[in-house]
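1. model the structure of this input:
(one chain, ligands or ions: 1)
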Amino acid sequence: MITRRNFIKTLVALSLMPKSALLAQDTNASENFAIPKLETGIREGKDVFYDLTLQAGSSNILPNLNTPTWGVNQAFLGATLKANKGDNVHIKVKNNLNETTTLHWHGMKLPAEADGGPHQPIAPNESWLSEYTIIQPAATTWYHAHQIHKTGEHVYNGLAGMFIIDDEESEVLNLPNEYGVDDIPIIIQDREFNIDGSFSYIRSRHDQMMGKSGNVILVNGVRNAVLQAKKSLLRLRILNGSNARIYNLGFDDDRDFIIIGTDGGLVEKTITTNTITLAPAERVEILLDLANGKNLKLVNKVLASSQQMGMMAEDSQAFDIFSIDASQAQSIMQEIPKTLVTHSQIDMENVNKRHFELQMTMGSQAMMSGRVFSINDKAMDMERIDEVVKAGSTEIWVVENTSMMAHPFHVHNAQFKIISNSAGIQPHEQGFKDTVLVNPGSVVEILIEFPEFKNETVAYMYHCHILEHEDQGMMGQFTTV
Ligand SMILES: [Cu+2]
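-> Residues are numbered from 1 along each chain as shown. Below is the predicted model of the structure:
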């Protein structure tokens, strides 16, 4: 039942506010923290079988309103998958939606035909089997829809989840690893709502150009989320699952936290910091000490550098993301190792170099031709292979952003090292990455060791991870042969 008070509250919560204004978190309406359910599959030795269903559902995100949502084995967003390095995973994906879509394993090194990109569409009522061996170390990877021209909308509806890889090397480090207890998935997304509670996707030229940002912040699909901490040392696996928004993450008391992992897995040495910039698709694993028992909030901070980086005003507002109640946390006395793992050194001698220019063309002519977003003067074409890479080789990709806004550049089937960035390398960018934020006017060099998988006809993607940019052509294709 909609009472008058709730109706007014709901109106405030909806898009009647200026586009740039973020909905203030409502302090007297805290919600339970949601932990996506865990799918460990059915194991037969090293073979693990997963049954995933893409489904439509209804979620109670705003008070007294139902939001039609999409999910994977749940109503909104995806169950968390878990497997070990060395496992042969067999993932059956059944599409119970009434639209064709795909499911892409973001951050995974795998054969092109198992990648789940635009070349592996799953029609309604059809199933797709993705099979591969996990050849990479422990990491927080994720999965999401990747249907050509539809990725933004499908992810916005809810087709995204986490895929955690474990290995023996990380297990002996004694890091918090009890899922949902001291090892917590944090999927940060922003959404805008219509008056009836449904998601409001693109509705302006601004949304198309800048990417879709919303005025309601969700963590694992819940707004105003409050995590009741069970232990005084938490491992947070933070994924920026937003379509376009870049976050400057930190805690409201400016406390330090310890970075232990990046997109591709654990870092060699722990990094202590109090702020981290996270672009769409990037992940960071942090350790958070709650021993003082004080409650805190993960917040988006305003950085002095935001303006210089050419971010728009709406990217430089302070707001809360979620709260942690530390009052009941069981005290954990634990030594945190300073050295975690050793990364294999990649040989940089005589490697092939390729150049990628990320472009946004303004002006009416570009808009008429539909060629606003491009890489190397080309918009994405499913029929065109842009680059052919030798399987097993190492290359340097030079990514230059000649546009006026930042773009997170992502490469499928790869975990790379950033070897230079004209805008500077952040502490967490020293680890293995599959997505790197390229600021306007900047040039970033990444060193990629391509796996041995060969396929002359099925391509992998490289693209901007602002999903609206990807959908409008800021994407290209490469094969490994
Ligand atoms: Cu972009």
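2. for the residue in the stretch 201-350 of the chain that the ion sits nearest to, give me its contacts.
-> Closest to the ion within the stretch 201-350 of the chain is residue 211: 6.9 Å, counting by CB to the ion. Placement of C-beta: from N, CA and C, glycine included. Residue 211 sits next to 152, 243-245, 280, 466-469 when contact means CB atoms under 8 Å, 6 or more residues apart in numbering.
3. repeat for residue 197
-> Applying CB under 8 Å, 6+ apart to residue 197 gives the contacts 61-62, 65-67.
4. ok, and the closest non-adjacent residue to residue 360?
-> residue 403 (3.8 Å; CB to CB, 6 or more residues apart in numbering).
5. with residue 246 instead?
-> Distances taken as CB to CB, 6+ apart put residue 279 closest to residue 246, at 4.9 Å, once the chain neighbours are dropped.
6. I figured the one you found hits residue 465, correct?
-> Yes - judged on CB atoms under 8 Å, residue 279 makes contact with residue 465 at a distance of 7.0 Å.
7. now for the two: what residues contact both?
-> Taking CB under 8 Å, 6+ apart as the contact rule, residue 279 and residue 465 both touch 408, 435.
8. for the residue in the stretch 1-150 of the chain that the ion sits nearest to, give me its contacts.
-> Closest to the ion within the stretch 1-150 of the chain is residue 149: 15.0 Å, counting by CB to the ion. Residue 149 makes contacts with 471-472, as judged by CB under 8 Å, 6+ apart.
9. just the element for it, please.
-> In this structure, residue 149 sits in neither a helix nor a strand according to DSSP states H and E.
10. equivalent analysis for residue 284, please.
-> Going by DSSP H and E, residue 284 is in strand 283-289.
11. tell me the helices and strands packed up against the helix or strand just after that strand.
-> Using DSSP H and E, the helix or strand that follows strand 283-289 towards the C-terminus is strand 296-300. Packing partners of strand 296-300 (3 or more CB pairs under 8 Å, 6 or more residues apart in numbering; DSSP states H and E): strand 247-251, strand 319-325.
12. in a markdown table: those, plus mean pLDDT and distance to residue 257.
-> Shown next, in a markdown table, are the helices and strands packed on strand 296-300 (pLDDT from 0 to 100; distance: least, CB to CB, whole Å):
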| stretch | mean pLDDT | distance to residue 257 |
| --- | --- | --- |
| strand 247-251 | 97 | 7 |
| strand 319-325 | 97 | 12 |
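13. and these as JSON lines, adding mean neighbour count and distance to residue 235?
-> Compiled in JSON lines, the helices and strands packed on strand 296-300 are given as follows (neighbours: other CB atoms under 10 Å; distance: least, CB to CB, whole Å):
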{"stretch": "strand 247-251", "mean neighbour count": "21", "distance to residue 235": "15"}
{"stretch": "strand 319-325", "mean neighbour count": "21", "distance to residue 235": "13"}
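14. with distance to residue 113 as extra columns, can I get the ones you listed in CSV?
-> Below are these laid out as CSV (distance: least, CB to CB, whole Å):
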stretch, distance to residue 113
strand 247-251, 34
strand 319-325, 37
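15. the ion contacts on the protein?
-> 407, 464, 466, 469 (CB under 5 Å from the ion).
16. in this structure, where's the longest strand?
-> Secondary structure assigned by DSSP state E gives strand 47-59 as the longest strand of the chain.
17. may I have that one as PDB, with CA atoms only?
-> C-alpha atoms of strand 47-59 as PDB (Å, rounded to 0.1, in the frame of the first residue of the first chain):
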ATOM      1  CA  ASP A  47      35.600 -30.900 -13.800                       C
ATOM      2  CA  VAL A  48      33.000 -28.500 -12.400                       C
ATOM      3  CA  PHE A  49      29.500 -28.100 -13.900                       C
ATOM      4  CA  TYR A  50      27.400 -25.000 -13.500                       C
ATOM      5  CA  ASP A  51      23.800 -24.500 -14.500                       C
ATOM      6  CA  LEU A  52      23.000 -20.800 -15.100                       C
ATOM      7  CA  THR A  53      19.600 -19.400 -16.000                       C
ATOM      8  CA  LEU A  54      19.200 -15.800 -17.400                       C
ATOM      9  CA  GLN A  55      15.800 -14.800 -16.000                       C
ATOM     10  CA  ALA A  56      13.400 -11.900 -15.600                       C
ATOM     11  CA  GLY A  57      12.100 -11.000 -12.100                       C
ATOM     12  CA  SER A  58      10.900  -8.300  -9.900                       C
ATOM     13  CA  SER A  59      12.900  -6.600  -7.100                       C
END
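18. tell me the first helix or strand C-terminal of it.
-> Heading C-terminal from strand 47-59 (DSSP H and E), you reach strand 67-72.
19. tell me the angle that following strand makes with strand 47-59.
-> When axes from the mean of the first three to the mean of the last three CA atoms, to 10 degrees is applied, the directions of strand 67-72 and strand 47-59 differ by 180 degrees.
20. residues contacting strand 67-72, please?
-> Outside strand 67-72, the residues touching it (CB under 8 Å, 6+ apart) are 52-61, 75-79, 97, 103, 143, 154, 157-159, 161, 193, 197-199, 221.
21. ok, it: who's next to it in the sheet?
-> strand 47-59 (antiparallel), strand 77-78 (parallel) (DSSP bridges).
22. okay, these in CSV with mean pLDDT and mean neighbour count next?
-> Listed next are those as CSV, based on pLDDT from 0 to 100; neighbours: other CB atoms under 10 Å:
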stretch, mean pLDDT, mean neighbour count
strand 47-59, 98, 18
strand 77-78, 98, 28
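23. format the ones you listed as CSV; extra columns: distance to residue 361.
-> Output for those, formatted as CSV (distance: least, CB to CB, whole Å):
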stretch, distance to residue 361
strand 47-59, 35
strand 77-78, 34
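24. closest to residue 133 out of those?
-> Closest approach to residue 133 among the strands paired with strand 67-72 (CB to CB): strand 47-59, 9.8 Å.
25. how far is the closest one from where the chain is centred?
-> Computed by CA atoms, centre = their mean, to the nearest Å, the chain-centroid distance of strand 47-59 equals 19 Å.
26. most neighbours among the residues of the chain next to the ion, please name it.
-> Sorting the residues of the chain next to the ion by how many neighbours each has (other CB atoms under 10 Å) puts residue 464 first, at 32 neighbours.
27. you'd agree it is up against residue 374?
-> No - Residue 464 is not in contact with residue 374 according to CB under 8 Å; the separation is 10.3 Å.
28. fine by me, thanks again.
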